[in-house]
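Enquirer: Fold the following and give me the result.
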Amino acid sequence: MSDHTMSMSSLEDENQLLKSELAELRAEVRELREGQTTAFIVGDAIADGICQVDPNGIVTSINRGYTDITEITEDEIIGKSIEEMLAQNYFSNAVSMEVIRTKKNVSAMATITKNGRQVLLVGAPFLDKNGDIVKVITVMRNLTELVKLKEKLVKTEEEKRKYKAELNNLKMERPENDFIGHNVQIVKIRELIDYVAQTDATVLITGETGTGKEIVAREIFRKSSRSKGPYVKVNCSAIPENLLESELFGYVKGAFTGANKKDKKGLFEVATGGTILLDEISEMPLLLQSKILRVLQERELTRVGGTESIKFNVRVISSTNKNLEEMIKEKQFRSDLYYRLNVFPINIPPLRERIDDITEITAAFLAKYNRTYGKNKIFERSALTALMSYSWPGNVRELENVVERLVIIPTADKLDRDTVESLIQVGGNEGDEIEAILKQSIGLKHALNDYEKRIIQKAIGEYGTSYAAAEVLKTTQPTIVRKAHALGIPLNRK
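Expert: Numbering: from 1, shown residues only. Take a look at the predicted model:
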């Protein structure tokens, strides 16, 4: 074979190799183009903005979302450096240059100058095998609406706290008809409230239903150093027994069927820094009484289903209309818990033992409900006498209810005895009165004293003097005076 023939053969082989390599290169370019097209299609389909810069911080491409968010077009940004865009105040911040400097992911908040939108920027580096920056991709998310929503939420929370504080202040202000009167027992209770409010002593308030136990508890809180903290009332008789423990101590998520999927604070934790009132403490189940005792002794609790001990700082006030000492004898109440609660006892007398306060209390209620209902009603003297002649088994609460009803019902502005007696049935239903006495278990001697007091009170109220009362009651004036002093009846009523 000649040299010329061999040369032609080599050229053909070399040409064929070049064609093959060119075909492979074209195929690779085609694949790259197809991949790039797919990337742009995906990039343009999402709402987030995407910006690509080279190792020098020059913008090489952006997607449609970037323009939608920033209102910056490709012509305005491509081919320019990020630093130049910052200098021209297109936006307040950028992360690309920081990514190039640190070769790490960088995120930051920024504001688009043109439209004021607030965005989150997340920049990520792409490195070659030598660890050098090839390009930086920054993803931009529009947070304007989210930021506005957050600001609105913060403002709402601030307003909520403000209104809650104002509401608490209004609640803590002493209304004109709360625990008023000048009966010697009431004056003494006010002195006790002022004294114990300056301490953190545990208080037990006792008294019949409707005497104002919650008012006394609230007064103690209002005058104490904890008055800026929470005031939490727990009605032990209103919460089902199987839920009372979790309400008081809280629970961990999934502690029992029906529990929330997250931990819940108990009312003792909620009251931290303030005061908790355990109303109707006598209705607390015996099993829970032992747990309450431990909590009060240790000043720490464990949530239902939990193991962690939680410290709390709460002033405890409890109240009841039952005789806890009798309940202890009947093994219905723990003696150790009673002694723990009864550090500072306050007993509120029933309204029948402070008849001299009825006029003042009635006037306060009348003023309140006249304002509420836009009325201008007044009590005649005979009507007040009727009110003072009634035993008030429901105490001050019942008196308030009667006054409100008297203001509401369609009557003349002057409320007379007949109108009052039509509601309270003074002397008209002896069976109900006896039933009330039996239910209250006040004892025969106490009931007789009460009845005698009401008779003398009524006689003095109607006839004006102890002499006239003695005459109508067929006894002597010194007897009336002696009994009046013993029973706490004022003699100066005209």
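Enquirer: what is the mean pLDDT for stretch 421-438?
Expert: For stretch 421-438, the mean per-residue pLDDT is 57.
Enquirer: do the same with stretch 83-93
Expert: 89.
Enquirer: which outside residues touch that stretch?
Expert: With C-beta atoms under 8 Å, 6 or more residues apart in numbering as the test, stretch 83-93 has contacts from 57, 59, 70, 72, 76-77, 94, 97, 108-114, 121. Quick note: C-beta positions are derived from backbone N, CA and C, even for glycine.
Enquirer: try 7 Å this time
Expert: 57, 72, 77, 94, 97, 108-113, 121 (C-beta atoms under 7 Å, 6 or more residues apart in numbering).
Enquirer: for the stretch 101-250 of the chain, what are the low-confidence residue spans?
Expert: By pLDDT under 70, the weakly predicted segments of the stretch 101-250 of the chain are 161-178.
Enquirer: Please enumerate the strands of it.
Expert: 106-111, 118-127, 133-142, 203-206, 231-235, 250-251 (DSSP state E, counting those that start in this stretch).
Enquirer: The very next helix or strand once past the last one pairs with which strands, parallel or anti?
Expert: Read that as strand 250-251. Counting by DSSP states H and E, the next helix or strand C-terminal to strand 250-251 is strand 264-265. Here strand 264-265 is paired, per DSSP bridges, with strand 250-251 (antiparallel).
Enquirer: Out of the contacts of stretch 83-93, the closest to residue 348 would be?
Expert: Of all these, residue 348 sits closest to residue 109, with 60.0 Å by C-beta to C-beta.
Enquirer: how many neighbours does the closest one have?
Expert: 12 (other C-beta atoms under 10 Å).
Enquirer: and this structure, what are its domains?
Expert: Listed by automatic domain parsing, the domain ranges of the chain are 12-145, 176-349, 352-487.
Enquirer: Just give me how far stretch 474-494 sits from the chain centre.
Expert: 51 Å (C-alpha atoms, centre = their mean, to the nearest Å).
Enquirer: that older thread, would TSV of the domains of the chain with distance to residue 154 be doable?
Expert: Below are those laid out as TSV (distance: least, C-beta to C-beta, whole Å):
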stretch	distance to residue 154
domain 12-145	15
domain 176-349	22
domain 352-487	37
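Enquirer: And those domains: which comes nearest residue 152?
Expert: Short answer: domain 12-145, nearest of the domains of the chain by C-beta to C-beta, at 10.3 Å.
Enquirer: coming back round to it: quick one, which of the contacts of stretch 83-93 are buried?
Expert: 57, 72, 77, 94, 97, 110, 112, 121 (16 or more other C-beta atoms under 10 Å).
Enquirer: right, and the pair among those residues with maximum separation?
Expert: Using C-beta to C-beta, the buried ones among the contacts of stretch 83-93 reach their maximum pairwise distance at 57 and 112, which is 18.8 Å.
Enquirer: distance of residue 89 from residue 308?
Expert: For residue 89, the distance to residue 308 (C-beta to C-beta, to the nearest Å) stands at 53 Å.
Enquirer: who does the closest residue to residue 304 other than its chain neighbours bridge with?
Expert: Computed as C-beta to C-beta, 6 or more residues apart in numbering, the closest residue to residue 304 that is not its neighbour in sequence is residue 251, at 3.9 Å. Applying DSSP bridges to residue 251 gives these bridge partners: residue 264, residue 304.
Enquirer: What about residue 251, how many residues nearby?
Expert: If you count neighbours by other C-beta under 10 Å, residue 251 ends up with 20.
Enquirer: That one: what's it in contact with?
Expert: Applying C-beta under 7 Å, 6+ apart, we find residue 251 in contact with 259, 264, 303-305.
Enquirer: One more: residue 351?
Expert: Residue 351 sits in contact with 392, 395-396, 399, where contact means C-beta under 7 Å, 6+ apart.
Enquirer: Got the confidence number for it?
Expert: At residue 351, pLDDT is 92.
Enquirer: Could you measure from it over to residue 451?
Expert: 15 Å.
Enquirer: Then residue 467?
Expert: 22 Å.
Enquirer: Convert the C-alpha atoms of stretch 344-356 to CSV, please.
Expert: The C-alpha trace of stretch 344-356 is given here as CSV (Å, rounded to 0.1, in the frame of the first residue of the first chain):
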residue,chain,number,x,y,z
PHE,A,344,-57.3,33.6,109.0
PRO,A,345,-61.1,33.0,109.4
ILE,A,346,-63.7,35.7,108.4
ASN,A,347,-67.3,34.9,109.1
ILE,A,348,-70.0,37.1,107.5
PRO,A,349,-73.3,37.5,109.4
PRO,A,350,-76.6,36.8,107.6
LEU,A,351,-78.7,39.8,106.7
ARG,A,352,-81.3,39.0,109.4
GLU,A,353,-78.5,39.8,112.0
ARG,A,354,-77.8,43.2,110.5
ILE,A,355,-81.3,44.5,109.9
ASP,A,356,-80.1,48.0,110.7
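Enquirer: Could you give the separation of that stretch from the chain centroid?
Expert: The answer for stretch 344-356 is 32 Å, by C-alpha atoms, centre = their mean.
Enquirer: and of the domains of the chain, who's closest to residue 160?
Expert: Among the domains of the chain, the nearest to residue 160 by C-beta to C-beta is domain 176-349 (14.8 Å).
Enquirer: Please compute how far the closest one lies from its chain's middle.
Expert: Counting by C-alpha atoms, centre = their mean, domain 176-349 comes out at 17 Å from the chain centroid.
Enquirer: Now the helix or strand hosting residue 362: buried residues?
Expert: Secondary structure assignment for residue 362, by DSSP H and E: helix 358-373. Using 16+ other C-beta under 10 Å as the test for burial, helix 358-373 gives 358-359, 361-366, 368-370.
Enquirer: do the same with stretch 99-119
Expert: 99-100, 106, 110, 112, 117-119.
Enquirer: Kindly export that stretch (C-alpha atoms) in PDB.
Expert: The C-alpha atoms that make up stretch 99-119 are tabulated as PDB, following Å, rounded to 0.1, in the frame of the first residue of the first chain:
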ATOM      1  CA  VAL A  99     -23.000  34.400  50.000                       C
ATOM      2  CA  ILE A 100     -20.100  35.000  47.700                       C
ATOM      3  CA  ARG A 101     -18.000  36.200  50.600                       C
ATOM      4  CA  THR A 102     -18.800  33.400  53.100                       C
ATOM      5  CA  LYS A 103     -19.700  30.600  50.600                       C
ATOM      6  CA  LYS A 104     -22.600  29.800  53.000                       C
ATOM      7  CA  ASN A 105     -26.400  30.100  52.900                       C
ATOM      8  CA  VAL A 106     -27.500  33.500  54.000                       C
ATOM      9  CA  SER A 107     -31.000  34.800  54.700                       C
ATOM     10  CA  ALA A 108     -32.300  38.300  55.500                       C
ATOM     11  CA  MET A 109     -35.400  40.600  55.300                       C
ATOM     12  CA  ALA A 110     -35.500  43.400  52.700                       C
ATOM     13  CA  THR A 111     -37.800  46.100  51.400                       C
ATOM     14  CA  ILE A 112     -38.500  46.700  47.700                       C
ATOM     15  CA  THR A 113     -38.100  50.500  47.300                       C
ATOM     16  CA  LYS A 114     -40.400  50.800  44.300                       C
ATOM     17  CA  ASN A 115     -43.500  49.300  45.900                       C
ATOM     18  CA  GLY A 116     -42.600  49.000  49.600                       C
ATOM     19  CA  ARG A 117     -43.100  45.200  49.700                       C
ATOM     20  CA  GLN A 118     -41.300  43.300  52.500                       C
ATOM     21  CA  VAL A 119     -39.600  40.100  51.400                       C
END
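Enquirer: List the contacts of that stretch.
Expert: So stretch 99-119 is contacted by 55, 57, 69-71, 89-95, 98, 120-125, 127, 133, 136, 140-144, 147 (C-beta under 7 Å, 6+ apart).
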